[in-house]
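Undergrad: Sequence and predicted structure are below.
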Amino acid sequence: MKVRKIAILLVLGVILALGLAACGERGTTPDQPATTQATGGQPATTGQTGVTTPQGGGVAADDTVMGRLMAANPVAQSWPLTTTPGPHFSLLLQVGGATMECIIDNEFTHWYQEQTGVEVDWIVIPSGLGQEITLRIAAGDLPDGFIGGIGTGLLQELALLDNILMPMTDAIFNYAPNIVNMLMREPQAFEQSFLPDGNIYQLLRVYDTPNEQITKRAWVYQPWLELLNMDLPQTTEEFYVMLTRFRDEIPALTGIPEVVPFAGALQGNPANNEPTTYILNSFHFYSHGNNMMRRDGVVSFVAGNEDYREGLRFLRRLVESNLLTTETWTINRNGLMAMTEGQAHGQNILGAVTAMYWGHFTTEGGPLGRDTSFVSLPVLEGPNGVRLAYDRGLLVNGGMLTLTNPDIVDLAIQFYDWMFCPFSQLEYGWSSKLGREGLGWRHAEPGELTPLGTQATLAFLRPNDARQRDAWFGSHAYYWPFEFTMGVVDDFMNRKESFGGQETIYNYQPWSAFEYRLPFVWTPFELLEEFQQLQTHLVGGPGIVRQYQNRFILGELCLDNDWDAYLASLQRGGIDRLVEIWQIKYDLYRAQN
């Protein structure tokens with residue numbers, strides 16, 4: 001998959017030069033909207049990548065989800081989408097402390113309403129979106145739709161049991177060529193979109209970039225490596241030696257009384273700051289989220305075998321040697337930033353850290369430049385030759401738009417379809433995520449190159465996380481394909497995707513374990529309640545696996561004397577049944593694909 005995408009990127013400049021029309025766009029300028037249509041066996045409008053939406057008219061439909069998708073005949077409606085006065089529908093969302101300061105008094109909101117004729121009644125809450133949705137459903141006080149806040153299990157219940165969420169399938173197949181194009185191009189988006197009844201009840205946020213694919217990474221403070229004249233470690237033992245030298249030699253070389261050789265953060269938002277996944281994948285494939293893997297069609301549990309125990313033994317060794325700080329279990333990202341930004345001794349005191357990128361443990365663009373002083377540690381080879389990188393594939397976030405009012409589904413889908421072709425947005429001088437041309441971004445000049453050396457499409461004019469009132473940033477459903485995310489000028493403003501992406505390509509992708517990761521699979525509805533209970537009890541945040549894992553690493557339990565008690569606890573908790581349900585889910589997935 002990665003080779004295919006790089007090949008696509010290498011010809012991107014040629015494709016752009018050919019001037020192919022942007023995906024499903026309404027016209028070349030806002031003043032002259034046009035209808036994009038796939039009829040009479042002709043392909044729908046081609047995107048800048050040369051990928052087309054499914055052909056209509058000449059494709060025989062069948063009863064499978066893919067068959068119906070391939071036979072779809074979407075028509076992008078001309079703007080304005082409506083001329084009747086609004087508001088036309090209401091959407092509930094949470095905006096508080098986010099990059100987008102306000103969605104109501106927002107330049108993009110005003111511009112997009114003028115173009116489409118659609119006025120949205122935005123119901124904005126500052127926090128607690130999930131709780132607010134639950135309360136409104138219980139009270140029967142429903143807006144026409146929700147932006148975020150509905151997880152997988154609740155989505156199934158609301159759509160298939162309570163009939164609160166409306167299917168979007170017909171509207172997408174009729175009016176959304178850009179969404180159809182995305183579903184055809186991205187298997188992970190396809191998997192997560194269609195519920196077991198064959199319908200779509202949510203729009204996704206889909207973002208394809210190397211920097212987001214392998215998030216369980218580690219970073220090292222390069223000035224310390226240079227002080228010690230050390231190369232990047234390649235094995236777990238070399239990693240141990242590096243941390244030991246940080247502990248023993250850096251204080252004398254820098255004047256820092258005591259350093260922290262290695263740290264993570266397990267409080268607040270630990271998804272990419274937990275240290276276990278990075279280390280354990282040097283002993284056996286490990287998935288922090290569900291503790292399962294697939295191989296040759298068989299699902300198995302990964303947190304109960306001998307390789308897993310040896311990985312925990314190595315983590316315990318790091319803690320015992322005062323190399324992995326126990327503060328990892330009590331701090332959040334702010335605690336990591338206190339270590340890197342000199343709040344303790346006026347200098348960085350942290351040697352190595354687990355995080356997706358430097359913004360999770362330093363101040364990006366900060367005056368001390370600590371964000372530019374860390375480089376990624378490569379995947380480490382374990383004592384038995386295991387060297388794996390947990391690869392989640394695309395960044396796919398579900399529930400970014402769900403609808404409750406059947407009367408507004410068609411209009412809402414037409415309204416959102418444009419968000420799924422970023423190339424078309426640039427032609428209009430606006431980006432739903434980046435804002436207005438000349439303020440948030442600009443077109444690239446001839447000769448300006450991407451991180452991979454091809455002609456760039458655009459350049460950022462401000463940091464991606466800058467607070468603003470002219471874009472919706474990442475708060476909504478949208479699609480950025482690989483050739484768009486990697487089509488940005490290679491400069492400091494794009495460091496997250498350029499430097500971060502390059503670090504991923506060279507230090508992680510060669511050891512990608514994507515084939516072991518379980519794909520997104522919906523749970524059969526009759527098993528949903530049992531599955532959720534088992535997941536929470538066994539592998540969830542407060543579950544048996546995490547509790548024992550932490551106690552083994554911290555030395556509260558012994559990996560020799562207490563290991564059998566751990567396995568017995570898993571058996572009593574129903575681990576065999578959980579694996580059985582995962583196998584049922586995966587077998588259904590394989591039968592459908």
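TA: Cool, the structure landed. Remember, it's a predicted structure, so these values are computed and weren't measured experimentally.

Undergrad: wait, isn't Leu401 in contact with Tyr201?
TA: No: the criterion here is Cβ atoms under 8 Å, and Leu401 misses it with Tyr201 at 9.8 Å. Bear in mind the C-beta positions are built from the backbone N, C-alpha and C, glycine included.

Undergrad: For Ile553, pull up the helix or strand it's in.
TA: Using DSSP states H and E, Ile553 maps to helix 544-554.

Undergrad: ignore the last one, Arg309
TA: Using DSSP H and E, the element containing Arg309 is helix 306-320.

Undergrad: Pull out the buried residues from that helix.
TA: Buried residues in helix 306-320, counted by 16 or more other Cβ atoms under 10 Å: 307-312, 314-316, 318-319.

Undergrad: How about the secondary structure of Pro257?
TA: Under DSSP: H, G, I helix; E, B strand; the rest coil, Pro257 falls in the coil class.

Undergrad: In the protein, which strand is the longest?
TA: Longest strand in the chain, counting residues (DSSP state E): strand 395-403.

Undergrad: tell me which residues in it are buried?
TA: Residues of strand 395-403 classed as buried: 395-396, 398-403 (neighbour count, 16+ other Cβ under 10 Å).

Undergrad: again with stretch 570-589
TA: In stretch 570-589, counting by 16+ other Cβ under 10 Å, buried: 570, 573-575, 578-579, 581-586, 589.

Undergrad: likewise stretch 459-475?
TA: Across stretch 459-475, burial judged by 16+ other Cβ under 10 Å covers 459-461, 463-464, 468, 470-475.

Undergrad: if we can go back for a sec, pull the CA atoms of the longest strand of the chain into PDB?
TA: Output of strand 395-403 as PDB, limited to C-alpha atoms (Å, rounded to 0.1, in the frame of the first residue of the first chain):
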ATOM      1  CA  LEU A 395      -6.600   8.500  10.500                       C
ATOM      2  CA  VAL A 396     -10.300   7.700  10.400                       C
ATOM      3  CA  ASN A 397     -12.600   9.400  12.900                       C
ATOM      4  CA  GLY A 398     -16.200   8.300  13.000                       C
ATOM      5  CA  GLY A 399     -19.400  10.100  14.000                       C
ATOM      6  CA  MET A 400     -18.300  13.400  12.600                       C
ATOM      7  CA  LEU A 401     -21.800  14.000  11.300                       C
ATOM      8  CA  THR A 402     -24.900  12.100  12.300                       C
ATOM      9  CA  LEU A 403     -28.500  13.100  11.400                       C
END
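
Undergrad: Return the list of helices and strands in contact with it.
TA: strand 145-146, helix 152-156, helix 187-193, strand 203-207, helix 409-417 (3 or more Cβ pairs under 8 Å, 6 or more residues apart in numbering; DSSP states H and E).

Undergrad: just so I know, which of these lies nearest Trp441?
TA: Closest to Trp441 of the helices and strands packed on strand 395-403 is strand 203-207 (Cβ to Cβ; 16.0 Å).

Undergrad: Off-centre distance for that closest one?
TA: 9 Å (Cα atoms, centre = their mean, to the nearest Å).
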